[in-house]
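Colleague: coords below, sequence missing:
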């Protein structure tokens, strides 16, 4: 059985559904700070299965240990944590406390439960600087990180230090690009919050007249059009790679392996905005944000290690990501 922390969030719920589609049993934990019980209801409706769920804060180690005592867990996928770079700049203590405490609690509960197989979802931002060819062995840069990025860097240091003294672990650490899109056929998508955390949800709120303008942080970066360039990856492509890495790990002994997981193409924020306008036939009003947050001009990882390990390639382009996200967003507005 596979435990998914943050199991009702965007990534956690999609991972859970994908695993169940492959015949695996899952148990989900989430404190619902950035998720909704609607996600569990939708998962159970789609799968026609009862899905074990515990509402708890992952930082509560004794409560988390009880999950290990109650269910035969042999694998953990850690998705729980705060993920907004801009928000972290205003709430540093909350981000450090939450994200670092989460991973420490998960590792402690796993150790006490005799479970040593872990997938940790990290981010390409962990490298700490702009770049288009970051390799897994590259040193982190520390001069421009927001609290979110510094927390992510420290999480990876915690994983490394834990493995050094307890090498029975099998740890996959995935440094993700910007994930968008929905599950196949729009069965599941990103839950719409009043104040969303993701870029695409902000844009769609403007299109749906739920927000007047989209605030842009920086339009004078060292890129072709001055806006940040990112590697946007469809959630189904992410799930395909994650599962293939999990299968690969079945034949490995103890390890801690980092993998970049992103799309081979970079797209600027302006390109994304234009794509959203094209797909929705709408117009997005833009204004410069009052609070400016340091942004990396470009961010993409080198995929040589991943491609040498599994047979994988990104199948979905940016237009497909936006189309899927918009279709699901419209359905959610209509209560579907």
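Modeller: That came in fine, so what should we check first? Everything numeric in this text was worked out from a predicted model, so none of it was measured.
Colleague: from here on, just use CA atoms for contacts and neighbour counts.
Modeller: Will do.
Colleague: the stretch 151-300 of the chain: helices as residue ranges?
Modeller: Under the criterion DSSP state H, counting those that start in this stretch, the stretch 151-300 of the chain contains helices at 199-207, 235-249, 269-280.
Colleague: what are the ranges of the strands in the stretch 101-250 of the chain?
Modeller: Counting by DSSP state E, counting those that start in this stretch, one finds strands in the stretch 101-250 of the chain at the ranges 117-123, 131-134, 170-176, 178-180, 214-216, 229-230, 232-234.
Colleague: in CSV: the ones you listed, plus mean pLDDT, mean neighbour count and distance to residue 272.
Modeller: What follows is the strands of the stretch 101-250 of the chain, written out as CSV (pLDDT from 0 to 100; neighbours: other C-alpha atoms under 10 Å; distance: least, C-alpha to C-alpha, whole Å):
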stretch, mean pLDDT, mean neighbour count, distance to residue 272
strand 117-123, 98, 21, 20
strand 131-134, 98, 17, 18
strand 170-176, 98, 22, 18
strand 178-180, 97, 23, 12
strand 214-216, 87, 17, 12
strand 229-230, 97, 26, 10
strand 232-234, 98, 25, 9
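Colleague: Throw those into a markdown table and include distance to residue 143, thanks.
Modeller: Output for the strands of the stretch 101-250 of the chain, formatted as a markdown table (distance: least, C-alpha to C-alpha, whole Å):
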| stretch | distance to residue 143 |
| --- | --- |
| strand 117-123 | 17 |
| strand 131-134 | 14 |
| strand 170-176 | 19 |
| strand 178-180 | 22 |
| strand 214-216 | 23 |
| strand 229-230 | 20 |
| strand 232-234 | 25 |
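Colleague: nearest to residue 153, out of the ones you listed?
Modeller: For residue 153, the closest of the strands of the stretch 101-250 of the chain is strand 117-123, at 8.9 Å, according to C-alpha to C-alpha.
Colleague: the closest one pairs with which strands, parallel or anti?
Modeller: Applying DSSP bridges to the sheet, strand 117-123 is found paired with strand 75-78 (parallel), strand 170-176 (parallel).
Colleague: nearest to residue 307, of those?
Modeller: Using C-alpha to C-alpha, the strands paired with strand 117-123 put strand 170-176 closest to residue 307, at 13.7 Å.
Colleague: so what touches that closest one?
Modeller: Strand 170-176 is contacted from outside by 116-124, 126, 245, 249, 253-262, using C-alpha atoms under 8 Å, 6 or more residues apart in numbering.
Colleague: okay, now residue 53: neighbour count?
Modeller: When neighbours are defined as other C-alpha atoms under 10 Å, residue 53 has 18 of them.
Colleague: that one against residue 29, yeah?
Modeller: Yes. Under the criterion of C-alpha atoms under 8 Å, residue 53 makes contact with residue 29 at 5.7 Å.
Colleague: where does the stretch 51-200 of the chain dip in pLDDT?
Modeller: Counting by pLDDT under 70, the stretch 51-200 of the chain contains low-confidence residues at 193-194.
Colleague: cutoff 90 now
Modeller: 84-87, 89-90, 143-145, 167, 185-187, 190-199 (pLDDT under 90).
Colleague: tally of neighbours for residue 210?
Modeller: Residue 210 has 12 nearby residues by other C-alpha under 10 Å.
Colleague: with the one 10 residues further on instead?
Modeller: Residue 220: 12 surrounding residues under other C-alpha under 10 Å.
Colleague: pretty sure it sits against residue 288.
Modeller: No. Counting by C-alpha under 8 Å, residue 220 does not reach residue 288; the two are 11.3 Å apart.
Colleague: how about the contacts made by residue 237?
Modeller: 313-316.
Colleague: give me the longest helix you can find in the chain.
Modeller: Ordering each helix of the chain by length in residues (DSSP state H) puts helix 92-113 first.
Colleague: can you give me the buried ones in that helix?
Modeller: Going by neighbour count (16 or more other C-alpha atoms under 10 Å), the buried part of helix 92-113 is 92, 95-96, 98-110, 113.
Colleague: which of the strands of the stretch 101-250 of the chain sits closest to residue 270?
Modeller: Residue 270 sits nearest to strand 229-230 of all these, at 8.9 Å, using C-alpha to C-alpha.
Colleague: partner strands of that closest one and their direction?
Modeller: Strand 229-230 sits in its sheet next to strand 267-268 (antiparallel), strand 298-301 (parallel), going by DSSP bridges.
Colleague: tell me which of those sits most buried.
Modeller: Compared across these, strand 298-301 shows the largest average neighbour count, a mean of 24 (mean count of other C-alpha atoms under 10 Å).
Colleague: for the helix or strand just after that one, packing partners?
Modeller: Using DSSP states H and E, the helix or strand that follows strand 298-301 in sequence is helix 304-309. Packing partners of helix 304-309 (3 or more C-alpha pairs under 8 Å, 6 or more residues apart in numbering; DSSP states H and E): strand 255-261.
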